[in-house]
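> build the 3D model from these lines:
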Amino acid sequence: VTTLVKCPQNPSGKKKGRSKRARILLASVEEATQNLLDKGEKIAKEAAVLKEELHAALADVQKESKCIM
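Numbers count the residues shown, from 1 in each chain. Model prediction:
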């Protein structure tokens, strides 16, 4: 690992690609949130018990995700 980190082929001290990580992280969070909402809606439609509570929780997740993004 040390050999790879101190490789003479990359003498630059700059940390390359760091600006992309924030965008990638945000995209991952957006995708995970959408997956949660999709699966939660499916579960809420099929649930006989706590249906209203599930919909309320999903609405909260959707509202908070809009605040973050």
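> number of residues surrounding Lys45?
10 (other CB atoms under 10 Å). C-beta: built from backbone N, CA, C; applies to glycine.
> distance of it relative to Ala57?
Note on Lys45: its distance to Ala57, by CB to CB, to the nearest Å, is 14 Å.
> pass me the low-pLDDT residue ranges in the protein, would you?
The model of the chain has pLDDT under 70 over residues 1-20, 69.
> after the biggest helix by length in it, next one along is what?
Taking DSSP state H as the criterion, the chain has its longest helix at helix 18-46. Once the chain leaves helix 18-46, the next helix or strand it forms, by DSSP states H and E, is helix 51-68.
> now do that next one against helix 18-46, angle only.
Angle of helix 51-68 versus helix 18-46, following axes from the mean of the first three to the mean of the last three CA atoms, to 10 degrees, is 160 degrees.
> contact partners of helix 51-68?
Defining contact as CB atoms under 8 Å, 6 or more residues apart in numbering, one finds that helix 51-68 is touched by Val29, Glu30, Thr33, Leu36, Leu37, Gly40, Glu41, Ile43, Ala44, Ala47.
> need the residues you listed in CSV with distance to Val61, can you?
Compiled in CSV, the contacts of helix 51-68 are given as follows (distance: CB to CB, whole Å):
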residue, distance to Val61
Val29, 12
Glu30, 12
Thr33, 7
Leu36, 6
Leu37, 6
Gly40, 7
Glu41, 11
Ile43, 13
Ala44, 12
Ala47, 16
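> type out the ChimeraX command that picks the buried ones from those residues.
Selecting only the buried entries of those in ChimeraX, with 16 or more other CB atoms under 10 Å as the criterion:
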select :33,40,44
